[in-house]
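J.: Here is my input, please return the structure:
(2 chains)
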Amino acid sequence: MALWGMVIDLDRCTGCQACVIACKAENNVPAVGEKEAKRERIISWMQVLTETDEEHHGEKMRFIPRPCLQCDDPPCTKVCPVYATYRNPEGIVAQIYARCIGCRFCMAACPYNAKYFNWHTYQKEGPGQNPDVSVRPKGVVEKCTFCHHRLQKARVRALAEKRDFDPREYVPACAEACPAQAIFFGDLSDPVSEVARLARSPRAFKLQEELGTKPKVIYLTEGEGGG
Amino acid sequence: MTSNTTPRLLLLLVILGAFLTLGYWVNCSGVEQPIRFPHKTHLDLNLACTTCHYRAEKDAVAGRPPTALCLGCHMGGDTQSEEIKKIRAYGEKGQEIPWRRVWRLPEHVFFPHQAHVTAAGLKCQTCHGPMETLTRPPARPLKTLAMDDCVGCHKARSAAQKNKANEARLATVTAQRLPTDCIACHR
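T.: Residues are numbered from 1 along each chain as shown, chains lettered A, B, ... in the order given. As a prediction, the model looks like this:
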């Protein structure tokens, strides 16, 4: 059984936000409008966090692309009263919109603010939207799923062609769009895969690792050039 | 006062009743297709479902056949059939037959036809009901599918395949590919 994970090399990230836009287009993430944005209700499954470099204060920024970190021990799933969010056997933290009752306990539990609430019906099914991803209704929580629909489609393709599924066929939209190739994706359980190799790198670290959430999005710190 | 409001209230109730009846009637009359297509006649000729719904083998959606496909058989010769004349008229105008969709899964469901038809070898009737008996297009789905229908089938087949998983490599692979995980179907 695969264990899907992502490695983001901060040394390569230029903060261009291509991953953010690719994610929005791929997953029908709604634009909430100016009024809602002012009330901090922006939905962005992938977000580029910025941090001032401590050594070069005011001169240099650090960019940290942050999707859902797909924790191996996710705090959000434990508080869901209706089993609308859970960790699936392949390590993807799923969100079942049809089950979600919008209590937002999971949002409170997530230490990474990776979950978003639909305060209104922001969009309807229509042309221009990705038909592989549902349009979330009002009153449910949504989040990044590592573009799980791409995995479903790749598996179905392999199944219909009566061949084995190759993990390299599954790449989320953000990793595909990154012009700096800062995002690596693959099977962490396969020791020879590139993500598994990079995750073992001495540069590897996890966000708020001390919380014990065991995220499967692993970052590589800036090299010596980064200070 | 009372004698004045009672007839008005009655009138209101009558109008409301009429609206509800009309709504019910419209809802129950179902979908009407532009051509009175008889599934039975075609399947009695030993045609497969996928002869016309050919996308079912390659795509997530089975779809309805294009006009050109119908004309492939119904083009030549004289015909007395009004329905075939209609198809030819659509063909002459270069138009697609405006088939209307009858089966519709909820928007949050991911259901790929190709995997179920080609790999699992499911009969179309498993989900669509006895289509081969229809002499006219169905106005509404012959079967109402619930989540239990999907989960039940996946669970039963998974169990059967696990039992013979050691027999052949393909069986092992297929057994792994029959998930009952929620996001396997919920999109």
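
J.: who's in contact with the spatially closest residue to A:Leu211 that is not a sequence neighbour?
T.: Leaving aside its chain neighbours, A:Leu211 sits nearest to A:Pro111 (5.6 Å; criterion: C-beta to C-beta, 6 or more residues apart in numbering or on different chains). From N, CA and C alone the C-beta is placed, and that goes for glycine too. Contact analysis of A:Pro111 by C-beta atoms under 8 Å, 6 or more residues apart in numbering or on different chains lists A:75, A:208, A:211, A:213.

J.: Quick one, grab the pLDDT at A:Pro111.
T.: We note a pLDDT of 97 for A:Pro111 in this prediction.

J.: Same check on A:Trp4?
T.: Predicted confidence (pLDDT) for A:Trp4: 96.

J.: these two touch, right, it and A:Phe185?
T.: Yes. Counting by C-beta atoms under 8 Å, A:Trp4 touches A:Phe185, with 7.4 Å between them.

J.: shared neighbours of those two, anything?
T.: Common contact partners of A:Trp4 and A:Phe185 (C-beta under 8 Å, 6+ apart): A:146, A:170.

J.: circling back: which of the contacts of A:Pro111 lies closest to B:Gly152?
T.: Nearest to B:Gly152 out of those is A:Pro75 (C-beta to C-beta; 33.0 Å).

J.: For the closest residue to that closest one other than its chain neighbours, give me its contacts.
T.: Using C-beta to C-beta, 6+ apart and skipping residues adjacent in sequence, the residue nearest A:Pro75 is A:Ala109, 4.3 Å away. Neighbour list for A:Ala109: A:75-76, A:78-79 [criterion: C-beta under 8 Å, 6+ apart].

J.: separation between A:Ala109 and A:Val141?
T.: 11 Å (C-beta to C-beta, to the nearest Å).

J.: picking that back up, among the contacts of A:Pro111, name the buried ones.
T.: Buried residues within those, defined by neighbour count using 16 or more other C-beta atoms under 10 Å in any protein chain shown: A:75, A:213.

J.: Make a markdown table out of the contacts of A:Pro111 and add pLDDT and distance to A:Ser134.
T.: Shown next, in a markdown table, are these (pLDDT from 0 to 100; distance: C-beta to C-beta, whole Å):
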| residue | pLDDT | distance to A:Ser134 |
| --- | --- | --- |
| A:Pro75 | 97 | 25 |
| A:Gln208 | 94 | 30 |
| A:Leu211 | 96 | 30 |
| A:Thr213 | 96 | 26 |
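
J.: Looking at the contacts of A:Pro111, which are in helices?
T.: Taking DSSP state H, the ones among the contacts of A:Pro111 that sit in helices are A:Pro75.

J.: Now flag whichever of the contacts of A:Pro111 is closest to A:Phe165.
T.: Distance to A:Phe165 across those (C-beta to C-beta) is lowest for A:Thr213, with 28.5 Å.

J.: Within the helices and strands, which one has A:Tyr116?
T.: Under the criterion of DSSP states H and E, A:Tyr116 resides in strand A:115-117.

J.: what packs against that strand?
T.: Helices and strands touching strand A:115-117, by 3 or more C-beta pairs under 8 Å, 6 or more residues apart in numbering or on different chains; DSSP states H and E, are helix A:105-109, strand A:141-143.

J.: quick one: the strands in chain A?
T.: Ranges of strands within chain A are A:4-9, A:47-52, A:61-66, A:85-87, A:93-95, A:115-117, A:141-143, A:183-187, A:204-205, A:217-220, based on DSSP state E.
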